[in-house]
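Student: have a look at this fold, sequence not included:
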C-alpha cells in the first residue's frame, strides 16, 4: 500500500484546503495518507517552524497562501529540500483573472469574512440544533426543511450538514406507536422530506449503535419484522401526504443533502413560474 505524508498548509483555517484534499484523495484506492494540518501560517517565522516538521516527515505539501512573501519562501525552501509543493487554487484563480480581466486580491481567509451569509449560517445552525429529534414543533413553520424518517436514517447529521449551508432544518423520528404533532401536516413554508433506507442496512446500523452503547443487541429495535413494519408505516405516511422521499441506503450525507437542496430549488422555481 502506498503511504504519503500530506502537509496541508494555509494562511487561514484550512477548511478549503481540507475539502480539496478530501475530494482528490477519494480518487485513489489502496493508499494510506497521513495528514498534517498547518493553519494560520502568515509569517516567515511560523513558516520556518512548520518547515522543520515537514523536513522530518517529507511528502507532499498542498498550500493556499495569499501572502506572496510567505509563499515565495515556502516554494524556495521546499525546492531546495526536494519536497514537492503545490498551490491548490492557482489554476482557478488564473482562469478567473483572465475571465474578469483583473488581478486577484491577496487577502487570506477572505472567504470566511463575517458577512450576511455567515450570520445566516449561524442562525440556521442554532435553529437546527434547537429543533432536532422532534423538538420545538410549535415553530416548525420557520424552517426551510423538515426531515422525517424512522430512527437511524441520518436525519440529524443531514440536518446539521444543511444548516452549515444556511438552511434551517427540523427533523422528527417516525414511531408507529407515537402520534405526530398536527402541525406537521399543516406546514406551508417548509419542504417536508421523507428519508428511508433498506431494511437490512437499517438493522445493521441499529445493531452497531446498540453495541456501541453496551446495550442488548437483540431487541425489537433490530427485529426484522418490526423494522419492516416501521419502514412500511413511514412509506405510507410519505405517500399519503405527497412528501418527496429520498432513499439514503447508498448515499453519503453530502449526497442526501444535495438531493434535498435540489428539491428545495425545484420547489422555488415552480413557485416563481
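Tutor: Looks like it came in fine. Quick caveat: nothing in here was measured; it's all calculated off a predicted structure.
Student: pretty sure residue 267 contacts residue 191?
Tutor: Yes. Here residue 267 reaches residue 191: they are 5.7 Å apart, a contact under Cβ atoms under 8 Å. For every residue, glycine as well, the C-beta is placed using N, CA and C.
Student: looking at those two, which one has more neighbours?
Tutor: Per other Cβ atoms under 10 Å, whichever of residue 267 and residue 191 has more neighbours is residue 191, with 19 against 12.
Student: look up how far residue 119 lies from the spatially closest residue to residue 14 that is not a sequence neighbour.
Tutor: Leaving aside its sequence neighbours, residue 14 sits nearest to residue 39 (Cβ to Cβ, 6 or more residues apart in numbering; 4.1 Å). According to Cβ to Cβ, to the nearest Å, residue 39 stands 23 Å off from residue 119.
Student: who's more crowded, these two?
Tutor: For residue 39 versus residue 119, neighbours defined as other Cβ under 10 Å are more numerous around residue 39 (16 against 11).
Student: check what pLDDT that one gets.
Tutor: Per-residue pLDDT puts residue 39 at 87.
Student: before we move on, what about residue 24?
Tutor: As predicted, residue 24 sits at a pLDDT of 86.
Student: so what does the one helix or strand it maps to touch, helix or strand wise?
Tutor: Element membership of residue 24, judged by DSSP states H and E, is helix 15-25. Here helix 15-25 is seen to pack against strand 2-10, strand 31-38, strand 60-64 when contacts are counted using 3 or more Cβ pairs under 8 Å, 6 or more residues apart in numbering; DSSP states H and E.
Student: ok, which stretches of the stretch 151-273 of the chain are strands?
Tutor: In the stretch 151-273 of the chain, the strands defined using DSSP state E, counting those that start in this stretch lie at 169-173, 191-196, 245-247.
Student: relative to residue 49, which of those is closest?
Tutor: Nearest of the strands of the stretch 151-273 of the chain to residue 49, taken as Cβ to Cβ: strand 169-173 at 41.4 Å.
Student: just the mean pLDDT for that closest one, thanks.
Tutor: The average pLDDT within strand 169-173 is 97.
Student: that strand pairs with which strands, parallel or anti?
Tutor: In the sheet, strand 169-173 lines up against strand 145-149 (parallel) (DSSP bridges).
Student: how far does the partner strand sit from its chain's centre?
Tutor: What separates the centre of strand 145-149 from the centre of its chain is 17 Å, taken as Cα atoms, centre = their mean, to the nearest Å.
Student: in the stretch 151-273 of the chain, what spans have low per-residue confidence?
Tutor: The stretch 151-273 of the chain contains residues with pLDDT under 70 at 273.
Student: if you set the cut-off to 50 instead, what comes out?
Tutor: Applying pLDDT under 50 to the stretch 151-273 of the chain flags no residue at all.
Student: all helices of it, in order?
Tutor: Along the stretch 151-273 of the chain, the stretches classed as helices by DSSP state H, counting those that start in this stretch are 155-164, 199-212, 224-241, 253-272.
Student: as CSV, the ones you listed with distance to residue 17 would be great.
Tutor: Output for the helices of the stretch 151-273 of the chain, formatted as CSV (distance: least, Cβ to Cβ, whole Å):
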stretch, distance to residue 17
helix 155-164, 17
helix 199-212, 31
helix 224-241, 40
helix 253-272, 18
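Student: returning to that earlier point: what sits against the residue nearest to residue 14?
Tutor: Each residue near residue 39 by Cβ atoms under 8 Å, 6 or more residues apart in numbering is listed here: 10, 12-14.
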